[in-house]
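>>> compute the structure for the input listed below.
(chains A and B)
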Amino acid sequence: MRESLAGSFVGTSVKRVEDERLLTGAGSYIGDLKVEGMAHAAFLRSPYAHATIERINAAAAQRLPGVIDIITGEEMQAITNPFVPLGMIDGLYTPLFWPLAIDRVRMVGDPIAIVIAESRYIAEDAIQLIEVDYEPLPTVANMAEATRAGAEQIWPRADGNVMFRTEADYGDVDAVFASADRVISETFESHRHSNQPMETRGSLAEVTPDEVIFHSAAQNSHGLRWVLAMATSSEPVLDSVKELAGPGRDKLKAFGAGAKAFITERKDDLGDADNKGFIHQVRHDPTTLKHLGKVFMNVLAQDERRRPRVVADDIGGAFGVKGHPGREDAALLAAALKLNRSIKWIEDRNEHLTVGGMAREETLSVQVAVNDDGELLGLKVDMTMDQGAYPAVPFGAATFAGIMRVMMPGTYRFKAYSMKAAAIASNKAKYVAYRGPWANETWVRERMLDVVARELGLSPTELRLRNMYGVDELPTKMLTGPTLDVRMSAKATLEKAIEVAGIDDFRAAQAKARENGHLLGIGFSTYHEGAPGPPDYADAILPGSGAMMAEPLTTVLEADGTVSVITAQMPHGQSHETTLAQVAADQLGVAMDQVRVIFGDTAKTDFSLLGTGGSRGGPMGGGATLFAARGLRDRILDEAADMLEANRGDLEITDGAIHVAGVPSISKSFAEVAEVVRTRPGSTEPLTGSVEYDGGPGGWVQATHVAFVDIDIETGFVTIPRYVVVEDCGELINPAIVEGQVRGGVAQGVGAVFYEKSAYDDDANFQAGTFMDYLIPTAMEIPDIEIHHLETPSDIEANFRGVGEGGMIGSPAALTNAVEDALAHLGVRITEQHLPPTRILELAGVIAPA
Amino acid sequence: MKMPTFTYHRPATVAEALAVLASEDDAKILAGGQSLIPLMAMRIGQPEHLVDIGRLDELDYIERRDDHIAVGALTRHAAAEDSALVQTGAPLLAAALGHVGHRAIRTRGTVCGSLAHADPAAELPAVALATGATFIARSTAGEREIPAADFFQGYLDTALEPNEMLAEVRFPLWPDRAGAAVVELSRRHGDYALVGLAAAIDLDDAGTIGGAALAFFGVGSLAVRIAEAEESLLDKTPGAEAFAAAGRIVTETIDAVGDNHGSAAYRNHIAGVLTTRGLAEAFDSIGDRV
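Purely as a prediction, here's the structure:
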């Protein structure tokens, strides 16, 4: 049972705390920052997809008035370290690379030199004056070329262009396939597209006499801090080495013991996965060991300035891309340390489109074993991912392949399943996390289910209902391991969606519209997402990773009686300042304006590997806030009990006043408690409540999307007259914010399917470097989105599930299923995710394929 | 995406502006800046001199003269869009203006700037071609008239000499019993068109088609008229059959260039679809005006 608490903010659409600041222009974004003596950086980037660099002549550029320095690849190599792989996974080889290209460029936009000047204008003028001689190499523009015998190899130590391979079986796949009435096969392709937040990437390395502060639009301040420290660590500082050998031995020992304890405690969980990944990496590149050793030694025993304090403030969106420290960030810090000067770099839109990061270029061959009555039996998937030239830091395609492997069967009763996956290198930009980076498991599964239904003569909803785990079967486990607990309500969302969709009425309208050249379609998709997932979820993806997922959070009673919630979450549009304050205020019995959410500064926040990502803000941030605030409440009540000479158990808090139940006239305020603590002899620390929240029972978020499309068969233009989402994210902290997240995600799904494509030509020349080429839908193109909430009752506290990514996970399947439904009478099967008007008319047979 | 250095000139008179154009080798006129400024920010265009005519109010006019509507070099799209003279005297221009970017863009961008920029995906060059507009080029040496058919020479390329300013464009006064329509398909509201059509049609006394102009944009390096389709309409009874036949000729003839947003086959097909739709809309508009 829940403890009875005074507050009532959770569950209501409280107005966003952030809005007044952001909407009146008082936000503090990276582009707004100015510090004394700040110089500006710009990068010279490769116009070639693949070439050797024969010569660089920067003499004329160097002479341009206002140019401070120009650092090219070789010099940068001397003052930085390669990005050493941190997540080593079995079957994954991660090439070592430096912040700037040294003797070879591997993609259009590859950074070759950083120019530091008194203004960005001058820096860009200087870039035009740098002469580079290139010798073009054959290019690898796509998966077919990457895997062709004799193809140009992008990384000499790799196995051809294959960077990662993995394979897993669940159940007796061969026997199950042999037993099926039929096996249905199809291959699906999704295209490169990208996050494109309103604010591009950007950083300011601020050099002060005492410290280096790296301001950055980063989703994960602590992760960025350590990646930067490793990338820019120099030789160990002698004093530090001496200190470590002598008086500081305890520090070193403590660090070693801590690491040993960390590993020992998790030995069973960690298994041998890390070890295999490590061996695989070192076998491909033995120098990894040397660099790892050097980097760690240097990080431990060096100038603190090379371990910069990272500060992130307001961020104009990210959708995952700002969780990856950039090569540009490392180059910027190295330059600032070299010049002992503050330098700012703001990525422009052309750079962001070209090299900021792209996602989801994957081909999946799928086989489904099924009985003629629609019973799903087995699933085989063979996936190839195009991860581009340089792997994203600190994790990329291989990590997401693991999530896809676990999630692919969805909530359907498959008896056996196998997945093979490979990631190839190409001369294109890096593959990054984008809002539900594993989302193609949903797209491909839900698309394939429609294909299967059509072949069997069943309706898509009937096939789903027949095979989806119902509530009477819970709890159970997915074939891939994770538990589906009693709150798993995917099927309930589907049933509700069928009810509100009005399929019979739609079919009548569909028949009538065809007479007027309008083809209507309806498409369903159902998914579940591990946000945060059950306790056995993370380890099913990567053994040992569950241990890394905890969310630290501290609440503090400040001297003025307000409460600070200090989180390692890094809000970038998710409204943490509102939702975490709602949770804390309810726990503490105070008004929301008594609570302030603090984030982004590594000097103030607890260490977290993850920051904000994976839809963790609600479940992990919200849960951590709940328990930390409760801890603080307990300590406040302890103090107040002494002050009021009352029984601790008789106290309650009403609107910030602590009093004996039923006697509100005699009370103490939070400020009075803080004052007593502050002035107590010998006391220096304020009252706090801290947690390392492991997510508790966790759980799934689930939803069904229903898309309705209207295709003008003369033009191939698609409109979306109706879009329905039925979702269950557990207890809603703030319904308006949940709905905003859902709508934003669906909008990006609409963008992916009908508008957005990071296009390259057959020679890997990038062709979508402006917003005239890369089309993002506007409000005009996004439909009204009708949202229905289900909330499966539960006694679990902090029953919050994440909603950041789901809109984009569910929508591509619903939309492409609807397009196929509209065109099915013409014999059309949709196997690609991107469907611009040309493609619609080609598929419909109106025009000849290009 | 920061502009390179350039010398900024802000002449107080047209004569001063022309003098700068005459004396400097690489000078561009800055009017609304809606195309030029982004091109400079991307360093695709790097003129050494900009001549800002934004304060030359004498170039901001719309006038009805004997046989044409004259639009001055500084007349904003929005002013033309809102002008009763344009709506009655140059309805094809009026029909096009609502499609140019967004209203915010139209409050800065100018009619003559759009024409002098000569983007083949823009609406106004096609309007000029369809209506047989006349371009007035002015320099320190004097003034000359350039017919629309000669003005557009290639991708972002016109018959203007480097020392000339497009001072005015003249749209012939619209005949009675004639209809106008601009139809286009763009991926998003306000985008350049994938394909667009400026269509004009006029009827003779018998009610059959006396003349037609079909000028397409977004199909290649220049806006183009399809004479075969225009001729096919002559003396026909206006209606779905004739319009569809013209559309089929357009699809077969136009030979559009494809890109990532629409293949050549797609654009050829769409040009035909727009022909049918545009002619119907133009025909319907005759009733509105008479």
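
>>> roughly how far does A:Leu474 sit from chain B?
Look at A:Leu474 and chain B: by Cβ to the nearest Cβ, to the nearest Å, they are 44 Å apart. C-beta coordinates here come from the backbone N, C-alpha and C atoms, glycine included.

>>> what's the answer for A:Asp313, then?
Distance from A:Asp313 to chain B, by Cβ to the nearest Cβ: 24 Å.

>>> so what does that residue look like in phi/psi?
Backbone torsions of A:Asp313, given as degrees, to the nearest 10, read phi -120, psi -140.

>>> contacting residues around it?
With contact taken as Cβ atoms under 8 Å, 6 or more residues apart in numbering or on different chains, A:Asp313 is in contact with A:28-30, A:215, A:600.

>>> which one among the residues you listed gets closest to chain B?
Nearest to chain B among those, counting by Cβ to the nearest Cβ, is A:Ile30 at 16.5 Å.

>>> secondary structure element for the most centrally placed residue in chain B, which one?
Geometric centre of chain B, nearest residue: B:Leu124, 1.4 Å, by Cα atoms, centre = their mean. Using DSSP states H and E, B:Leu124 falls within helix B:123-131.

>>> and that helix, anywhere near chain A?
No: residues of helix B:123-131 contacting chain A under Cβ under 8 Å from any Cβ of the partner chain: none, with a closest distance of 15.8 Å.

>>> so what touches that helix?
B:90, B:92-93, B:96-97, B:99-100, B:111, B:114-115, B:118-119, B:133, B:135, B:148-149, B:151-152, B:169, B:171-172, B:182, B:184, B:193, B:196-200, B:213-217, B:222-225.

>>> please repeat the previous calculation with a cut-off of 6 Å.
With contact meaning Cβ atoms under 6 Å, 6 or more residues apart in numbering or on different chains, helix B:123-131 is reached by B:92-93, B:96, B:99-100, B:114-115, B:118, B:148, B:152, B:171, B:198, B:200, B:213, B:215, B:217, B:223, B:225.

>>> please identify which pair of the contacts of A:Asp313 lies farthest apart.
Pairwise distances across the contacts of A:Asp313 peak at 12.0 Å for A:Tyr29 and A:Gly600 (criterion: Cβ to Cβ).

>>> partner residues bridging the spatially closest residue to A:Ser194 that is not a sequence neighbour?
Among residues not flanking A:Ser194 along the chain, A:Met358 sits closest, at 4.5 Å (Cβ to Cβ, 6 or more residues apart in numbering or on different chains). In this entry, A:Met358 is beta-bridged to A:Tyr431, by DSSP bridges.

>>> if we can go back for a sec, so A:Tyr29 and A:Gly600 - more neighbours on which side?
For A:Tyr29 versus A:Gly600, neighbours defined as other Cβ atoms under 10 Å in any protein chain shown are more numerous around A:Gly600 (23 against 16).

>>> neighbours of the closest residue to that one other than its chain neighbours, just the number please.
Nearest residue to A:Gly600 in three dimensions, chain neighbours excluded: A:Ala312, at 3.9 Å (Cβ to Cβ, 6+ apart). For A:Ala312, the count of nearby residues is 27 (other Cβ under 10 Å).

>>> could you check how far A:Ala312 is from A:Gly326?
Distance of A:Ala312 to A:Gly326, given as Cβ to Cβ, to the nearest Å: 14 Å.

>>> again, but for A:Ala752
Using Cβ to Cβ, A:Ala752 is found at 23 Å from A:Gly326.

>>> next SSE downstream of the helix or strand in which A:Thr816 is found?
Counting by DSSP H and E, the element that carries A:Thr816 is helix A:806-823. In the C-terminal direction, the helix or strand that comes right after helix A:806-823 (DSSP H and E) is helix A:837-843.
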